[in-house]
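*Asks:* give me a model of this one.
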Amino acid sequence: MSVEQVGRVHIRTPTYKRPEALKRCIEAMQAQSWQDWVCDVYDDDPAGSAKAVVDQLGDPRVFFNQNNPQRYASKNIDQCFSRENARGADFFCVVEDDNFILPEFLALDGFIEPAVGG
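*Replies:* Purely as a prediction, here's the structure:
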């Protein structure tokens, strides 16, 4: 698929004690045909189990955020839909830690919502 790539995508990924699933999820992001993306990982594990995954992958597009205090499932997901646009993105999407996205996911029009407040 040939796509004219315009704009940064902000992926927001909530996680809780699933480092193997998170690793698989981030690796799927790294395989995207649309390469202008950043990801904020929101870890709700008080022990910070996602930090080791983010550090191991060493991708400067992936940012670790430790929830403090713990938000629990629904509030962790809710924060992924906030209007905050700290990464200056043009679009955003939520990809939970146990999701696997195909290489063309970000490039397909209709899957990306415009970011608000950018």
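
*Asks:* low-confidence regions, this protein specifically.
*Replies:* By pLDDT under 70, the weakly predicted segments of the chain are 1-5, 109-118.

*Asks:* at 90 what do you get?
*Replies:* Scanning the chain for pLDDT under 90 picks out 1-6, 107-118.

*Asks:* quick one: the strands in it?
*Replies:* 9-15, 37-43, 62-66, 91-94, 113-114 (DSSP state E).

*Asks:* can you list those strands in JSON lines and add distance to F100 and mean neighbour count?
*Replies:* Backbone N, C-alpha and C define where each C-beta goes, glycine included. Shown next, in JSON lines, are those (distance: least, C-beta to C-beta, whole Å; neighbours: other C-beta atoms under 10 Å):
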{"stretch": "strand 9-15", "distance to F100": "12", "mean neighbour count": "25"}
{"stretch": "strand 37-43", "distance to F100": "14", "mean neighbour count": "22"}
{"stretch": "strand 62-66", "distance to F100": "16", "mean neighbour count": "17"}
{"stretch": "strand 91-94", "distance to F100": "14", "mean neighbour count": "20"}
{"stretch": "strand 113-114", "distance to F100": "20", "mean neighbour count": "11"}
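
*Asks:* could I get these in TSV, plus columns for distance to A28?
*Replies:* Converted to TSV, the strands of the chain look like this (distance: least, C-beta to C-beta, whole Å):
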stretch	distance to A28
strand 9-15	10
strand 37-43	11
strand 62-66	12
strand 91-94	13
strand 113-114	19
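
*Asks:* quick one: which of those strands is nearest Y72?
*Replies:* strand 9-15 (10.6 Å; C-beta to C-beta).

*Asks:* sheet partners, orientation included, of the closest one?
*Replies:* Pairing partners of strand 9-15, with direction, according to DSSP bridges: strand 37-43 (parallel), strand 91-94 (parallel).
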